[in-house]
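Chemist: With the sequence up front, the predicted model follows.
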Amino acid sequence: MRTTTVVIGAGHSGLAVSRFLTQRSIDHVVLERGEVAWSWRTQRWDSLRLLTPNWQSRLPGFSYGGDDPDGYMTMPEVIEFISGYARLVDAPVLTGAAVASVRRRAGRSGYVVDTERGRWECEAVVLATGGFGLAKVPDLGEPPPAGIAALSAFEYRNPVALAPGGVLVVGASATGVQIADEVQRSGRPVTLAVGEHVRMPRLYRGRDVLWWMERSGLFDERYDEVDDVVRVRRTPSPQLVGTPERATLDLNALTGRGVRLVGRLSAIRDGRALLSGSLPNKCELADLKLGRLLDAFDEWAAGAGVADVGPPERFEPTRVAPSPPLELDLARGEIGTVIWATGFRPDYSWLHVGVLDRRGRIRHDGGVVAESPGLYVIGLNFLRRRKSSFIHGATDDARDLVSHLAAYLDSLVPA
Amino acid sequence: MTATSTASADNGVNVEALLGARQALSQAPEGAQFKWRASNEWLHGTHSRSSVESYYGLGTDHDHRSAFSFEADHPLVFGAEDNAATPVELVLVGLASCLTAGVAAVAQNRDIQLRSVKATLEGDMDILGILGGDPEVRNGFSGIRVAYDIDADATPDEVRALVAQSQKRSAVYDILTNPTNVTVEVR
């Protein structure tokens, strides 16, 4: 089969790309391994809600229309939101079409895309499979000892399914703090291994912190404007949770609920988890970074004359125990389950185009894979803007990339 | 990248060279593989002398501008001669030197002029560990405290951020806070 452009993945990013391609009358197909919004259907724990408030859930030509703009969507609501978008833009989605291989076409421009439902030849490919295809599990020298259940954030569903007893949650980004909180509330004592993290209050001066990110312009900060794009792309997700109470879920909140904070898990040796002594530094770094963020918000609000917000606030520094433990004997029975909340990475196992670096990351310039003309990627952390990995971030990125893609197609000499 | 060309602070750190090295070595990561070396010889009692002369990096061996010599001994209360600092004090020296170098480098990169940077360090140790007097007690430090007094053209939070960032990028801080495989052989 032939088409001009193949979009891989029918999530919010792929559908936004489809919308702009349709607007430009660029012939395309959206290949989806399962159904629309497949990752949201299959790879999320039961209680998860979006981090972003409903009013911020926007896609090109589409926005939240419900009666709870300040709430946070549950997974069924997200699936309906994205499915509704697919229907609205009438995206040419081919479901059940898992991609087995993407290769350059021999002897001429373009790509060959092999799927479970046949082969496609095209001039351009947009990878919209997202940044969260695989759960990263660190190499710690040895695995947790036998008898300890170890599961990734993809495998975790709810605390009831866990073995009784203590749970070690590794990682304190959004995933880690949310799972730690829920498991601790279920009566299983949680130890949380904390490395570098991003602290944020849910509300600041009476507004959602992501309102501040958006209105102050921080969310629009571009990848080519920041000092060190490699570093910002590696920044962990902020310690946020979407709850009806709009509650803050920082380390102090977890400590208050009885969660024990320990340093980053640096190795497992002879069945013992060895923990870094760097916890005070990691907390200090996050507290100082939060302070700079709030300073920037306050400065913007004062300069822009923003009136409909509360007075400036500063939050209690993160409380760290005087001597957190430096090791845990995993064989002793205190810990029954280890949950890896150590991040995600994209799955490019099917991408047979030489554009990956030694870490398996795709080399791109704001989503344009310049070494392989006609290849694009969308939906990665800070792809083009700070908001790139958020749902509403797809709009500007998809518009920019489809504009580039259209110019590329125009540049091709007609066969 | 950071606009160092307009920097006005001068702490004597060549930040352009460091940033350039990071850029170059990201492209050629094999050049980033370094080996640091020391040799040591027993003198008498608990007194020994170490020497640092060469290191490997950027694909080749390098000599220091001159060989550096360090002595160590144990104190009088250990029944030793106290000819030099104890090895664990040298560990504190290593940590302090590393963190202070980091403070200067980070300050330079952030265009913060330093006037004075002073650190005092204290490490807690229960010596029943090294004496074999209590198997529950570890040999090493049970904790290390570092206190910085810094006079700089910066706000208190900016100074705290310098020290926090220095820890984040410090090799010796990492060596002390995370486990390292150590193999010792007899030839």
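Modeler: Now that the structure is in, tell me what you want to look at.
Chemist: Who are the contact partners of the residue of the stretch 301-415 of chain A found nearest chain B?
Modeler: Here the stretch 301-415 of chain A gets closest to chain B at one residue, residue A:323, 6.4 Å apart by Cβ to the nearest Cβ. Bear in mind the C-beta positions are built from the backbone N, C-alpha and C, glycine included. Residue A:323 makes contacts with B:142-143, as judged by Cβ atoms under 8 Å, 6 or more residues apart in numbering or on different chains.
Chemist: Okay, and it sits in which element?
Modeler: Assigned by DSSP states H and E, residue A:323 falls within no helix or strand.
Chemist: check contacts around the residue in chain B that chain A sits nearest to.
Modeler: The minimum distance from chain B to chain A, using Cβ to the nearest Cβ, falls at residue B:177 (3.7 Å). Contact partners of residue B:177, counting by Cβ under 8 Å, 6+ apart, are A:263, A:276-278.
Chemist: Quick one: list the elements packing against the lengthiest helix in chain B.
Modeler: The residue-count maximum for a helix in chain B (DSSP state H) belongs to helix B:87-109. Judged by 3 or more Cβ pairs under 8 Å, 6 or more residues apart in numbering or on different chains; DSSP states H and E, helix B:87-109 is in contact with helix B:15-27, strand B:60-72, strand B:114-124, strand B:143-152, helix B:156-168, helix B:171-177.
Chemist: Can you verify residue B:30 is assigned to a helix?
Modeler: Yes - under DSSP: H, G, I helix; E, B strand; the rest coil, residue B:30 sits within a helix.
Chemist: Roughly how far does residue A:403 sit from residue A:393?
Modeler: 16 Å (Cβ to Cβ, to the nearest Å).
Chemist: and what of residue A:40?
Modeler: 16 Å.
Chemist: Any chance you could note which residues of chain B sit beside chain A?
Modeler: Within chain B, the positions adjacent to chain A are B:1-2, B:26, B:29, B:142-143, B:157, B:160-161, B:164-165, B:167-168, B:173-174, B:176-179 by Cβ under 8 Å from any Cβ of the partner chain.
Chemist: List the beta-bridge partners for the residue nearest to residue B:141 when sequence neighbours are not counted.
Modeler: Nearest non-adjacent residue to residue B:141, counting by Cβ to Cβ, 6 or more residues apart in numbering or on different chains: residue B:123, 4.2 Å away. Note on residue B:123: beta-bridge partners residue B:144, judged by DSSP bridges.
Chemist: Just read off the phi/psi values of whichever residue of the stretch 251-400 of chain A sits closest to chain B.
Modeler: Here the stretch 251-400 of chain A gets closest to chain B at one residue, residue A:277, 3.7 Å apart by Cβ to the nearest Cβ. Note on residue A:277: its backbone torsions stand at phi -90, psi 20 [degrees, to the nearest 10].
Chemist: show me what contacts it?
Modeler: Applying Cβ under 8 Å, 6+ apart, the residues near residue A:277 are A:263, A:326, B:176-178.
Chemist: tell me the two of those that are most distant?
Modeler: A:263 and B:176 (12.1 Å; Cβ to Cβ).
Chemist: part of a strand, is residue A:86?
Modeler: No - according to three-state DSSP, residue A:86 belongs to no strand; its state is helix.
Chemist: What separation do you get for residue B:100 and residue B:144?
Modeler: To residue B:144, residue B:100 is 15 Å away according to Cβ to Cβ.
Chemist: Same check on residue A:268?
Modeler: With distances taken as Cβ to Cβ, residue A:268 is found 24 Å from residue B:144.
Chemist: what's the answer for residue A:36, then?
Modeler: Taken as Cβ to Cβ, the span from residue A:36 to residue B:144 is 55 Å.
Chemist: Look at these two and report which has more neighbours.
Modeler: Neighbours were counted for residue A:36 and for residue B:144 using other Cβ atoms under 10 Å in any protein chain shown; residue A:36 has more, 24 against 19.
Chemist: Find me the pLDDT at the residue nearest to residue B:141, would you?
Modeler: Listed pLDDT for residue B:123 reads 97.
Chemist: What is the burial count for it?
Modeler: Counted with other Cβ under 10 Å, residues neighbouring residue B:123 total 17.
Chemist: can you check residue B:158 too?
Modeler: Neighbours of residue B:158 under the rule other Cβ under 10 Å: 15.
Chemist: So the spatially closest residue to it that is not a sequence neighbour: helix, strand or coil?
Modeler: Closest residue to residue B:158 apart from its sequence neighbours, by Cβ to Cβ, 6+ apart: residue B:112 at 6.5 Å. Using three-state DSSP, the structure places residue B:112 in coil.
Chemist: just checking, residue B:112 touches residue B:157?
Modeler: No - counting by Cβ atoms under 8 Å, residue B:112 does not reach residue B:157; the two are 11.9 Å apart.
Chemist: Look at these two and report which has more neighbours.
Modeler: The residue with more neighbours, out of residue B:112 and residue B:157, is residue B:112; 22 against 14, by other Cβ under 10 Å.
Chemist: Return the residues in contact with that one.
Modeler: So residue B:112 contacts B:9, B:152-154, B:158, B:162 (Cβ under 8 Å, 6+ apart).
Chemist: do that again at 6 Å, thanks
Modeler: B:9, B:152, B:154 (Cβ atoms under 6 Å, 6 or more residues apart in numbering or on different chains).
Chemist: Next, count neighbours for the last one.
Modeler: With neighbours defined by other Cβ under 10 Å, the count for residue B:154 comes to 19.
Chemist: Give me the distance between it and residue B:173.
Modeler: In terms of Cβ to Cβ, residue B:154 sits 21 Å off from residue B:173.
Chemist: Residue A:289 sits in which helix or strand?
Modeler: Here residue A:289 is assigned to helix A:279-304, by DSSP H and E.
Chemist: per-residue pLDDT, the residue nearest to residue A:357 when sequence neighbours are not counted?
Modeler: Leaving aside its chain neighbours, residue A:357 sits nearest to residue A:363 (5.6 Å; criterion: Cβ to Cβ, 6+ apart). Reported pLDDT at residue A:363 in the predicted model: 95.
Chemist: what do you get for the one 4 residues further on?
Modeler: Reported pLDDT at residue A:367 in the predicted model: 97.
Chemist: quick one: it and residue A:399 touch, right?
Modeler: No - if you go by Cβ atoms under 6 Å, residue A:367 and residue A:399 don't touch, sitting 11.3 Å apart.
Chemist: more crowded one of these two?
Modeler: residue A:367 (25 against 16).
Chemist: Contact partners for that one?
Modeler: A:376-378, A:383-384, A:401.
Chemist: Now with 10 Å, please.
Modeler: Neighbour list for residue A:367: A:13, A:126-127, A:223, A:375-380, A:383-384, A:388, A:397-398, A:400-401, A:404-405 [criterion: Cβ atoms under 10 Å, 6 or more residues apart in numbering or on different chains].
Chemist: now do residue A:215
Modeler: Contacts of residue A:215 by Cβ under 10 Å, 6+ apart are A:207, A:297, A:300-301, A:304, A:306, A:309.
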